[in-house]
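Student: need coordinates for the following:
(4 chains)
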Protein chains: 2
Amino acid sequence: MARTKSFDEAAVLDQALQLFWERGYEGTSLADLETHLGLGRQSLYNSFGDKHALFLKALERYRRRVSDPALAQLNSPEAGFDTIRQFFGRGVQAFTSDTRRGCLVANTISELGSGDGDALVRCNHSREDMERAFRNALTRAKARRELPKTLDVEATAMLLVIQNYGLTLLAKAGATATQLHAAVEALLAGLK
Amino acid sequence: MARTKSFDEAAVLDQALQLFWERGYEGTSLADLETHLGLGRQSLYNSFGDKHALFLKALERYRRRVSDPALAQLNSPEAGFDTIRQFFGRGVQAFTSDTRRGCLVANTISELGSGDGDALVRCNHSREDMERAFRNALTRAKARRELPKTLDVEATAMLLVIQNYGLTLLAKAGATATQLHAAVEALLAGLK
DNA sequence: ATGATACTTGACTGATCGGTCAAGATGTAC
DNA sequence: GTACATCTTGACCGATCAGTCAAGTATCAT
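Tutor: Purely as a prediction, here's the structure:
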């Protein structure tokens, strides 16, 4: 017995995600959100709470809509060495395309760090997702003898996470896809 | 024939560097600078220009006072594989100590990116410094047969830069020194 | 149709932002 | 000693920030 919302919450949240991804948390003002989401301010507050709550929802949506699909192949039982190479190939392509907005998780860790515990917890969930995916792919690759038995899966998974986040930063600094691809190949060559 | 400054410009610039390093460019307000530098606003403007000009000076000071010393050993003719290991060892220690403020260059690339051309140019100078230092150490290490002749110095130098910046990010996310150290060892093991 | 409930709109708030202005203080050169 | 150039101090500016409030509007249940 009340008026219905005139917009799709999920679609609006996607728009908010895009803004936060490109401009960061502090760099995105409520005026920006109103404009690009086509919503009044009070509607935002009614639906999502304050700016910080909206940002946390955007972080969670990023995990589900961006990270999860990107990690799907690494998490598959068919994953192996080539899956890892393909993952980084797609990453380099994404990080060096048009806006160079990087990865929302990496951006958020850098911008807010330990100053925003709620955001950091969510970032670390995403980070652990990636680490777990790498561990799966590395373990499978070892099992099928694509990688040496001596390889330290735990440390190498962390190494690959570091590499992924480092790639986003170098892309922001203006490195070319060719340069980043070469660095990835140098890394992968070392695993064998 | 005029009044003399009542403060040491270099010392004040060091203080500004510390603030920008810990809080970022946008996160540091003029009020913060006044407080921690013990200077009036107009004195800041007289000596350094506006906030952006002060930030650029801080970036340049970081390069000379923080980056250069850190890279000195890598640039030495005596540099080799162990020098690289020591570099990362000190890095991990610095990145995981107390404030976890990371590296000013990495922070700036992440915060401002291509949105601030002046800052990005200076960040890339620092990035090239590091890449050059790694190239030197890698080349020397190859010459003394600590690394295989087949190693791609160019790509590997970029790889090490990526890892260094990635380490700062993972440290900000809360990774322990032990975890990061293990990842570094996994990386170094792959070079051999 | 009507009433209750929720959504929408836009003006408004106090705080803070970077930057400026004008007046007063101080040291140097003569 | 005096005059002048610079430094210092603190009030001030318009703009923008996140968040709030109140009035108007639309939809659902009855």
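
Student: now stretch A:92-99 - C-alpha only, PDB.
Tutor: Output of stretch A:92-99 as PDB, limited to C-alpha atoms (Å, rounded to 0.1, in the frame of the first residue of the first chain):
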ATOM      1  CA  VAL A  92      46.300  -6.700 -19.200                       C
ATOM      2  CA  GLN A  93      43.800  -6.000 -21.900                       C
ATOM      3  CA  ALA A  94      41.200  -4.700 -19.500                       C
ATOM      4  CA  PHE A  95      43.700  -2.600 -17.500                       C
ATOM      5  CA  THR A  96      45.100  -0.900 -20.600                       C
ATOM      6  CA  SER A  97      41.800  -0.200 -22.300                       C
ATOM      7  CA  ASP A  98      40.300   3.200 -22.700                       C
ATOM      8  CA  THR A  99      39.800   4.600 -19.200                       C
END
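
Student: neighbours around the residue of chain A found nearest chain B, how many?
Tutor: Residue nearest to chain B within chain A: residue A:190 (2.3 Å; Cβ to the nearest Cβ). Any C-beta I mention is one placed from the backbone N, CA and C, and that applies to glycine too. Neighbour count for residue A:190, taken as other Cβ atoms under 10 Å in any protein chain shown: 19.

Student: just residue A:34 next, same as before
Tutor: 14.

Student: can you check residue A:121 too?
Tutor: Neighbour number of residue A:121 under other Cβ under 10 Å is 12.

Student: please look at the residue of chain A closest to chain B and residue B:160 and confirm they touch.
Tutor: No: proximity of residue A:190 to residue B:160 does not meet the contact threshold set by Cβ atoms under 8 Å, at 11.4 Å.

Student: quick check: neighbours shared by these two?
Tutor: In terms of Cβ atoms under 8 Å, 6 or more residues apart in numbering or on different chains, residue A:190 and residue B:160 are both contacted by the residues residue B:187.

Student: show me which residues of chain A are close to DNA strand C?
Tutor: Contacts of chain A with DNA strand C, taken as Cβ under 7 Å from any atom of the strand, map to A:1-7, A:39-43, A:46-47.

Student: now the phi/psi pair for the residue nearest the centre of chain A, please.
Tutor: Most central in chain A under Cα atoms, centre = their mean is residue A:103, positioned 4.5 Å from the mean C-alpha point. Main-chain torsions, residue A:103, degrees, to the nearest 10: phi -120, psi 130.

Student: so what's it up against?
Tutor: A:95, A:164, A:165, A:168.

Student: including pLDDT and distance to residue B:172, could those go into CSV?
Tutor: Below are these laid out as CSV (pLDDT from 0 to 100; distance: Cβ to Cβ, whole Å):
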residue, pLDDT, distance to residue B:172
A:95, 97, 19
A:164, 98, 15
A:165, 98, 10
A:168, 98, 14
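
Student: and the furthest pair within the residues you listed?
Tutor: A:95 and A:165 (10.3 Å; Cβ to Cβ).

Student: which of the two has more neighbours?
Tutor: residue A:165 (28 against 22).

Student: roughly how far apart are that one and DNA strand C?
Tutor: 28 Å (Cβ to the nearest atom of the strand, to the nearest Å).

Student: surely that residue and residue B:166 touch.
Tutor: Yes: between residue A:165 and residue B:166 a contact is recorded at 4.8 Å, counting by Cβ under 8 Å.

Student: what parts of chain A come near DNA strand D?
Tutor: Within chain A, the residues that sit near DNA strand D (Cβ under 7 Å from any atom of the strand) are A:1-4, A:6, A:26, A:28-32, A:41-42, A:45, A:50-52.

Student: repeat the analysis, applying 6 Å as the threshold.
Tutor: A:1-4, A:29-31, A:41-42, A:45, A:50-52 (Cβ under 6 Å from any atom of the strand).

Student: among the residues you listed, which are in helices?
Tutor: Using DSSP state H, the members of the residues of chain A next to DNA strand D that fall within helices are A:30, A:31, A:41, A:42, A:45, A:51, A:52.

Student: make TSV from the residues of chain A next to DNA strand D and add neighbour count to it.
Tutor: Converted to TSV, these look like this (neighbours: other Cβ atoms under 10 Å in any protein chain shown):
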residue	neighbour count
A:1	2
A:2	4
A:3	5
A:4	4
A:29	12
A:30	13
A:31	9
A:41	11
A:42	8
A:45	15
A:50	10
A:51	18
A:52	13
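
Student: now, which of the residues you listed sits nearest residue B:125?
Tutor: Taking Cβ to Cβ as the measure, residue B:125 sits nearest to residue A:29 out of these, at 31.8 Å.

Student: how many residues are close by residue A:150?
Tutor: What residue A:150 shows, counting by other Cβ under 10 Å, is a neighbour count of 7.

Student: roughly how far does it sit from residue B:190?
Tutor: 12 Å (Cβ to Cβ, to the nearest Å).

Student: that older thread, closest one to residue B:113 out of the residues of chain A next to DNA strand D, please.
Tutor: Using Cβ to Cβ, residue A:29 comes nearest to residue B:113 of these, at 18.1 Å.

Student: ramachandran angles for that closest one?
Tutor: Residue A:29 adopts backbone torsions of phi -90, psi 160, taken as degrees, to the nearest 10.
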